[in-house]
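Asks: Curious how this folds, go ahead:
(2 chains)
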Amino acid sequence: MSFFSFGQTAEIDIVLNDAETRKKVEHKTEDGKKDKYFLFYDGETVAGKVNITLKTPGKRLEHQGIKIEFIGQIELYYDRGNHHEFVSLVKDLARPGEMTQSQTFDFEFTHVEKPYESYTGQNVKLRYFLRATVNRRLNDLSKEMDIVVHTLSTYPELNSSIKMEVGIEDCLHIEFEYNKSKYHLKDVIVGKIYFLLVRIKIKHMEIDIIKRETTGTGPNVYHENDTIAKYEIMDGAPVRGESIPIRLFLAGYEMTPTMRDINKKFSVRYYLNLVLIDEEERRYFKQQEITLWRKGDIVRKSMSHQAAIASQRFEGSATAEKALAQAKEDSN
Amino acid sequence: MSEPTVADTRRLNSKPQDLTDAYGPPSNFLEIDVYDPQTIGVGRNRFTTYEVRMRTNLPIFKLKESCVRRRYSDFEWLKNELERDSKIVVPPLPGKALKRQLPFRGDEGIFEESFIEERRVGLEQFINRIAGHPLAQNERCLHMFLQEESTDRNYIPGKVRQ
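Replies: Model prediction:
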């Protein structure tokens, strides 16, 4: 939302055509607040109207052209000057001229590619937004409208369990197992810790979810670790042969899908950290990466044809083909 | 149309626990007592020794029970050896109390009963913390301190293998 004008001669407003029906989602802003934005998927059309309202009717507004842009960009907080635009579309709304009264301009960006998910992190931000600009000789008037993009996936073909035996020689041997290596954001981590050898005095055991945001390349790589969750799974001292079950519901935590090397600029990865603490507060731990993905919502009968095309974009989904057929039926 | 599936949260398969493991004695028994302070010698050449008794069932220790006498400087020696050879952060010892060793004090200085008791407690905490550390258990100096008659300052430092 930005106005670059002294004494606003005109007000710019961007309104989406499907503002009534389109879903809104909460997304964290840079300062930690949560706001609601329109939700889009890859391939969906972004269409609407730009309303330009003259503040003092009768007073002319001279301009060098009016346009609207759809931008997807990555912003590294330590390098604010450089925005890395990976999507940049523009539509001209009016040639240079004069406005004598308030006007509305239609626009449509058809089947826009939105390859990455919107992300606001500790050191980097990836956002999509519409920007309407009235070019003027001295200073431009412009208005931005942010949208949020989610990337969807389907159940991966290969989803092996994670099973490993680790320990300290002659002191502590455990075998841990997690039922999958790839979890969706509302999934449950089901696992177990089996104690093969216990020669230390364990006080309790917990499992942590750690988010690691990596920015920069080469020698300037920076990792920001954040412990998203700490979940105690055992209290007391185990003995040999005991098996401790794990049941960790991910829906309760704020997480994003795993993002690997997005546009070669940043990554967001998640790790499970199994921590055992002994009576002298010594910590023994084992970290293991998991892949998080976002599952699409249940396909409803009234889903629009557009969204059906969007869902078609994920790999070989029977659900998507059904949805497309259903949507075609509905529109006939 | 896909129905929302209820998440499968059943436990993973596990071997049933052996009853001897379940009800047997824990294999992490390690207890060290520092007690019975005795002040030996006369005048300026006095010093206090403590009895260090260890009971354990950890296989890494050769003797399951041992009893030795050690003085404060022996504890200091152990701390220095571990700081040099092992990668661990060694917990602190109770203070050296140099002030108490100055002349013209109203009390017994380092042979004051309350001070000895304070030091005994600190030494007991120290040795228990360090002996339970898996990396310290690999050091020869710890085994020599706990289980041999005297600490040989000319020993060859090294690791212990089971």
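Asks: When you work out contacts or count neighbours from here on, use the C-alpha atoms and nothing else.
Replies: Noted.
Asks: Nearest residue to the middle of chain B?
Replies: Centroid check for chain B by Cα atoms, centre = their mean gives B:Ile127 as the closest residue, at 2.3 Å.
Asks: unless I'm mixing things up, that residue is touching B:Ile32, no?
Replies: Yes. Counting by Cα atoms under 8 Å, B:Ile127 does reach B:Ile32; the two are 7.3 Å apart.
Asks: if we can go back for a sec, which secondary structure element is home to the residue nearest to the centre of chain B?
Replies: helix B:113-131 (DSSP states H and E).
Asks: any idea what sits nearest A:Lys201, other than its immediate chain neighbours?
Replies: Setting aside the residues directly before and after it, A:Lys201 is nearest to A:Asp278 in space (Cα to Cα, 6 or more residues apart in numbering or on different chains), at 5.4 Å.
Asks: Could you measure from that neighbour over to A:Leu54?
Replies: Separation of A:Asp278 from A:Leu54 (Cα to Cα, to the nearest Å): 71 Å.
Asks: now swap in B:Ile40 and tell me
Replies: On the measure of Cα to Cα, B:Ile40 and A:Leu54 end up 100 Å apart.
Asks: hmm, back to that, could I get the average pLDDT for the helix holding B:Ile127?
Replies: What helix B:113-131 shows for mean pLDDT is 94.
Asks: And for A:Tyr178, the neighbour number?
Replies: 22 (other Cα atoms under 10 Å in any protein chain shown).
Asks: wouldn't it be in contact with A:Met164 here?
Replies: No. A:Tyr178 lies out of contact with A:Met164 (Cα under 8 Å); the separation is 9.3 Å.
Asks: check contacts around the residue of the stretch 151-300 of chain A found nearest chain B.
Replies: Per Cα to the nearest Cα, A:Arg199 is where the stretch 151-300 of chain A lies closest to chain B, at 4.2 Å. Counting by Cα atoms under 8 Å, 6 or more residues apart in numbering or on different chains, A:Arg199 touches A:170-172, B:26-29, B:58.
Asks: Going through these, which ones are buried?
Replies: A:171-172, B:26-28, B:58 (16 or more other Cα atoms under 10 Å in any protein chain shown).
Asks: Give me the nearest residue to the residue of chain B found nearest chain A, chain neighbours excluded.
Replies: Residue nearest to chain A within chain B (Cα to the nearest Cα): B:Asn28, separated by 4.2 Å. Of all residues beyond its chain neighbours, the one nearest B:Asn28 is A:Arg199 (4.2 Å), with distances taken as Cα to Cα, 6+ apart.
Asks: before we move on, what about A:Tyr271?
Replies: Closest to A:Tyr271 by Cα to Cα, 6+ apart is A:Glu289, at 4.1 Å.
Asks: show me the contacts for B:Gly43.
Replies: Contacts of B:Gly43 (Cα under 8 Å, 6+ apart): none.
Asks: Need the phi and psi values for it.
Replies: Note on B:Gly43: backbone dihedrals following degrees, to the nearest 10 are phi 60, psi -130.
Asks: and what of A:Thr215?
Replies: phi -120, psi 160.
Asks: Would you mind confirming that it is in contact with A:Tyr222?
Replies: Yes. A:Thr215 lies in contact with A:Tyr222 (Cα under 8 Å); the separation is 5.4 Å.
Asks: So for those two, which sits in the more crowded spot?
Replies: A count of neighbours by other Cα under 10 Å puts A:Thr215 above the other of A:Thr215 and A:Tyr222, at 23 against 15.
Asks: A:Glu117 versus the residue nearest to B:Asn28, what's the distance?
Replies: Separation of A:Arg199 from A:Glu117 (Cα to Cα) stands at 47 Å.
Asks: residues near residue 73, how many?
Replies: As the question left the chain open, I've gone with chain A. If we define neighbours as other Cα under 10 Å, then A:Gln73 has 20 of them.
Asks: The chain in question should be chain B.
Replies: B:Ser73 - counted by other Cα under 10 Å - has 12 other residues nearby.
Asks: Using the three-state scheme, assign it.
Replies: helix (DSSP: H, G, I helix; E, B strand; the rest coil).
Asks: so what's B:Glu51 bridging to?
Replies: B:Tyr35, B:Arg69 (DSSP bridges).
Asks: Quick check: residues of chain B near chain A?
Replies: Selection of chain B residues close to chain A by Cα under 8 Å from any Cα of the partner chain yields B:1-4, B:7-12, B:14-18, B:21-22, B:26-29, B:58, B:129, B:132, B:134.
Asks: Filter those residues down to the buried ones, ChimeraX style.
Replies: Typed into ChimeraX, the next command selects the buried ones out of these (criterion: 16+ other Cα under 10 Å):
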select /B:9,26,27,28,58,129,132,134
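Asks: Show me the residues of chain B next to chain A that map onto helices.
Replies: Of the residues of chain B next to chain A, the ones assigned to helices by DSSP state H are B:21-22, B:129.
Asks: Give me the below-cutoff pLDDT ranges for chain B.
Replies: Where chain B drops to pLDDT under 70, the residues are B:1-5, B:162.
Asks: ranges for the strands of it?
Replies: B:30-40, B:47-56, B:65-71 (DSSP state E).
Asks: Turn these into CSV, columns for mean neighbour count.
Replies: Shown next, in CSV, are these (neighbours: other Cα atoms under 10 Å in any protein chain shown):
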stretch, mean neighbour count
strand B:30-40, 17
strand B:47-56, 18
strand B:65-71, 18
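Asks: Adding distance to B:Glu112 as columns, could you present these in a markdown table?
Replies: Below are the strands of chain B laid out as a markdown table (distance: least, Cα to Cα, whole Å):
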| stretch | distance to B:Glu112 |
| --- | --- |
| strand B:30-40 | 10 |
| strand B:47-56 | 11 |
| strand B:65-71 | 16 |
